[in-house]
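1. predicted model and sequence below, questions to follow.
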Amino acid sequence: MTDLSQLHERLREWLPGQRWFGAKNRAVGAVTTKQVVTLVEGEPGLVHVVVSVADGEDYQLLIGLRTELPEHLEHARIGVLNGQVCYEAAFDSELTSHLLGLIAEDSWVGGIHFAPEGDAGLDPELRGRPVGVEQSNTSLVFGNRYILKLFRRVVAGPNPDLQLHRALYSVGSKHIARPLGVVTDGFVVLGIMQEFLPAAAEGWAMATASVRDLMAEGDLHAEEVGGDFAGEAYRLGQAVGEVHADLRRALGEDREDERRLHEAVDAMHRRLDGVLAEVPELDKHEQALRAAFEQARAEGTRVQVQYIHGDLHLGQVLRSPTGWVLIDFEGEPAAPLAERNALRSPLRDVAGMLRSFDYAAHQMLVGQEDDHQLTVRALEWSDRNREAFCDGYAGVAPDPREQAPLLRALELDKAVYEVAYEHGNRPEWLAVPLASIARMTGGEDQP
Ligand SMILES: Nc1ncnc2c1ncn2[C@@H]1O[C@H](COP(=O)(O)OP(=O)(O)O)[C@@H](O)[C@H]1O
Ligand SMILES: O=P(O)(O)O[C@H]1O[C@H](CO)[C@@H](O[C@H]2O[C@H](CO)[C@@H](O)[C@H](O)[C@H]2O)[C@H](O)[C@H]1O
């Protein structure tokens, strides 16, 4: 095994600068190497590495090795090891192309299995380029036909993204990208490859463009402005309802049960405890949040549970020419695997999407001077699209609005998660979930 110990100190500095690194708001302790596998020998070389950071998180790295780094890869430099430059290999298409070849040829290298799914029939010759978006993981697109997502934080156990894609594909779901390949070391799913949808637009980009149109025409209502999103929000609601039905069909569901409601509410309080300890700005909302959680318990709504997406928002849905497609069934990146693999209420996904409409409408106001007209427009856009989404969902599944206290508690619980997420990843956006909590509970900090 290549000795990477000379690189550990450098990785301690480099890791927190990566978008996908989960422990950004904590000091990184010692870094140790768990596994090193040489995937490509020679110049340039490619090694697959799993490192542990001191607080027990494991991360997957793809490290390129060259004696000299060309100018266009300089931004990817990590450090120097035995006279060779080490760098983030995801940016080097000369190296990433090997990954597709390994999957297409169903290969084993040093205990790692690169396998095609079913009769995928992959073309091994396409070159890979990284997806240019901020991500929790790293995705490579091959010739606009395949997309390989390499999970950065690796956790042993069943991978919900892979399991749920396989299950949905097996029942012919219209709303997923076809699974085409998997990379695993037997304990951990390291990556999954899917059909790439080149003509698809991201829901977040479409929704925020619609909000921008509305803001530019401050005197008009949402339905009077070009780029109204309500028709798409309705179809998205239908698609999410259909995916939930497909997941029930493929994997079953569990009966309604009051115990589950208590467990769900207890988990909301526990999450709040954790976030309060990290983010003092949330203190003033504690009482109102706990009251909303308890109201859901008191209403005693019975909770039907099943497999769900787990982290549904407008950045996880793509509008393809034939309809909405849901991606990334991994669940919340920071949640423990057991929780991400558990059966949960489908209202959780509905709540995630409702939060996202609120985000799309209000993120544009962050850091701006208060403008009453724009604030009213943002609320109007959010209400209109949230209703349209619920109408679409209710056309194919039980109407989520019939369980209003639980839905509200789940939305607030998601907003608490977002407070922690923004605090750790995008502090300048912390105001977005905090203002939503204030609006929903009638508290301070309302814009
Ligand atoms: N099948 C696909 N076709 C086209 N683009 C995709 C596809 N899957 C993912 N993407 C693009 O890659 C981005 C990241 O994918 P995602 O699975 O959400 O990764 P992460 O878990 O890192 O957030 C998405 O926002 C989308 O723009
Ligand atoms: O897409 P990921 O699985 O990485 O999800 C994480 O990052 C999301 C941001 O990229 C974050 O979503 C929050 O911001 C979105 C806008 O950027 C908004 O649409 C979502 O509603 C909001 O929750 C997500 O929470 C996090 O898990």
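-> Yep, it's here. Ligands and ions are numbered 1, 2, ... in the order given.
2. show me what from the stretch 101-250 of the chain comes close to ligand 1.
-> 131, 133, 135-137, 139, 147, 149, 177, 194-197, 200, 202 (CB under 6 Å from any ligand atom). All C-beta spots, glycine's among them, are computed from the backbone N, C-alpha and C.
3. distance of residue 289 from ligand 1?
-> 27 Å (CB to the nearest ligand atom, to the nearest Å).
4. hang on, that residue packs against residue 437?
-> Yes - checked against CB atoms under 8 Å, the pair residue 289 and residue 437 is within contact range at 6.9 Å.
5. intersection of neighbour lists for the two?
-> Residues touching both residue 289 and residue 437 by CB atoms under 8 Å, 6 or more residues apart in numbering: 412, 416.
6. rewinding a little: which of the residues of the stretch 101-250 of the chain next to ligand 1 are buried?
-> 131, 135-137, 139, 147, 149, 177, 194, 196-197, 200, 202 (16 or more other CB atoms under 10 Å).
7. show me which of these neighbour ligand 2.
-> Among these, the ones lying near ligand 2 by CB under 6 Å from any ligand atom are residue 136.
8. in a markdown table: the buried ones among the residues of the stretch 101-250 of the chain next to ligand 1, plus secondary structure and pLDDT.
-> Listed next are those as a markdown table, based on DSSP: H, G, I helix; E, B strand; the rest coil; pLDDT from 0 to 100:
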| residue | secondary structure | pLDDT |
| --- | --- | --- |
| 131 | coil | 87 |
| 135 | coil | 75 |
| 136 | coil | 80 |
| 137 | coil | 89 |
| 139 | strand | 94 |
| 147 | strand | 97 |
| 149 | strand | 95 |
| 177 | coil | 97 |
| 194 | strand | 97 |
| 196 | coil | 97 |
| 197 | coil | 96 |
| 200 | coil | 96 |
| 202 | strand | 96 |
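9. nearest to residue 51, of the buried ones among the residues of the stretch 101-250 of the chain next to ligand 1?
-> Residue 51 has its nearest neighbour among those in residue 137, at 15.7 Å by CB to CB.
10. measure that closest one to residue 398 for me?
-> Between residue 137 and residue 398 the distance, using CB to CB, to the nearest Å, works out to 33 Å.
11. for the nearest residue to residue 269 once chain neighbours are set aside, the count of nearby residues, please.
-> Nearest residue to residue 269, sequence neighbours excluded (CB to CB, 6 or more residues apart in numbering): residue 293, at 6.1 Å. Neighbour count for residue 293, taken as other CB atoms under 10 Å: 26.
12. when you give positions from now on, start the count at 162
-> Taking 162 as the first residue, the last one we looked at is residue 454.
13. what's the helix or strand where residue 454 lies in contact with?
-> Under the criterion DSSP states H and E, the helix or strand holding residue 454 is helix 447-460. Contacting residues not belonging to helix 447-460 are listed as 422-423, 425-426, 429-430, 433, 437, 566-567, 569-571, 573-574, 577, 598, 601-604 [CB under 8 Å, 6+ apart].
14. same question, stretch 569-586
-> 180, 183, 185-186, 426, 429, 432-433, 435-436, 439-440, 442-443, 450, 453-454, 456-457, 493, 495, 506, 508-509, 511-513, 515-516, 520, 590-591, 593-595, 597-598, 601-602.
15. so which of those are in strands?
-> In strands, judged by DSSP state E, none of the contacts of stretch 569-586 are found.
16. near ligand 2, from these?
-> Within those, those near ligand 2 by CB under 6 Å from any ligand atom are 493, 516, 520.
17. cross-check the contact I'm expecting between the second one and residue 472.
-> Just to be clear, that refers to residue 516. No - look at residue 516 against residue 472 with CB under 8 Å: they stay out of range, at 10.8 Å.
18. domain ranges for this protein?
-> Taking automatic domain parsing as the reference, the chain has its domains at 166-250, 255-356, 362-601.
19. where does the stretch 362-511 of the chain have low pLDDT?
-> Applying pLDDT under 70 to the stretch 362-511 of the chain flags the ranges 379, 383, 462.
20. how about it: which residue is closest to ligand 2?
-> Closest approach between the stretch 362-511 of the chain and ligand 2, counting by CB to the nearest ligand atom: residue 474, at 3.5 Å.
21. any idea how many residues pack against that residue?
-> Residue 474, neighbours per other CB under 10 Å, totals 21.
22. my read is that it contacts residue 518, right?
-> No - applying CB under 8 Å, one finds residue 474 not in contact with residue 518, separated by 9.4 Å.
23. hmm, who's touching stretch 327-340?
-> Against stretch 327-340 from outside (CB under 8 Å, 6+ apart): 278, 308, 323, 326, 353-358, 400, 403-404, 407-408, 410-412, 468, 483-488.
24. who's in contact with residue 360?
-> Applying CB under 8 Å, 6+ apart to residue 360 gives the contacts 481, 482.
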